[in-house]
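A.B. asks: Build the 3D model from these lines:
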Amino acid sequence: KNCALLKEAVVDFIVENGADILRQVSLEDVPGALFADLLAAVTRGKKEREASEGSGNDLITMRVSDLRKKLHERGLAIDGSREAMIALLEESS
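C.D. replies: This is a model prediction of the structure:
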């Protein structure tokens, strides 16, 4: 149930400690899907820093906890991968 949250926490850690990780870890065997998650985290961080327009509706960069809140508000299942939660929210729109 919390795998999506754990994955998000790991990605946030990687984003925050990127320079150290690049110096100490080989990224040759990193799965391609991880790069999409990293890009979402970097984009989310950038949007949080800019925080000007605050549409708050960009599902792709939304935190897992926020995706789950939206799912709960709509009476939908809150379990699953980030991608599954986004797809379910898009289907219910």
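A.B. asks: make it CA atoms for all contacts and neighbour counts henceforth
C.D. replies: Noted.
A.B. asks: okay, the strand or helix carrying residue 5 in PDB with CA atoms only?
C.D. replies: Taking DSSP states H and E as the definition, residue 5 sits inside helix 3-16. Extracted in PDB, the C-alpha atoms of helix 3-16 (Å, rounded to 0.1, in the frame of the first residue of the first chain):
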ATOM      1  CA  CYS A   3       5.200   1.500  -2.000                       C
ATOM      2  CA  ALA A   4       4.200   4.600  -3.900                       C
ATOM      3  CA  LEU A   5       5.000   6.800  -0.900                       C
ATOM      4  CA  LEU A   6       8.300   5.000  -0.300                       C
ATOM      5  CA  LYS A   7       9.200   5.400  -3.900                       C
ATOM      6  CA  GLU A   8       8.400   9.100  -3.700                       C
ATOM      7  CA  ALA A   9      10.400   9.600  -0.500                       C
ATOM      8  CA  VAL A  10      13.400   7.900  -2.200                       C
ATOM      9  CA  VAL A  11      13.100  10.100  -5.300                       C
ATOM     10  CA  ASP A  12      12.800  13.200  -3.100                       C
ATOM     11  CA  PHE A  13      16.000  12.100  -1.300                       C
ATOM     12  CA  ILE A  14      17.800  11.600  -4.700                       C
ATOM     13  CA  VAL A  15      16.700  15.100  -5.800                       C
ATOM     14  CA  GLU A  16      17.900  16.700  -2.600                       C
END
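A.B. asks: Packing partners of the helix or strand bottoming out on mean pLDDT in the chain?
C.D. replies: Using mean pLDDT, DSSP states H and E, the weakest-scoring helix or strand in the chain turns out to be helix 32-50, at a mean of 78. Helix 32-50 sits against helix 3-16, with contacts defined as 3 or more CA pairs under 8 Å, 6 or more residues apart in numbering; DSSP states H and E.
A.B. asks: Name the surrounding residues that touch the helix it packs on.
C.D. replies: 21, 37, 38, 41, 42, 63, 64, 65, 80, 81, 82 (CA atoms under 8 Å, 6 or more residues apart in numbering).
A.B. asks: Next, work out how far apart the third one and residue 24 are.
C.D. replies: Between residue 38 and residue 24 the computed distance is 18 Å (CA to CA, to the nearest Å).
A.B. asks: of the two, who's got more company?
C.D. replies: residue 38 (17 against 9; other CA atoms under 10 Å).
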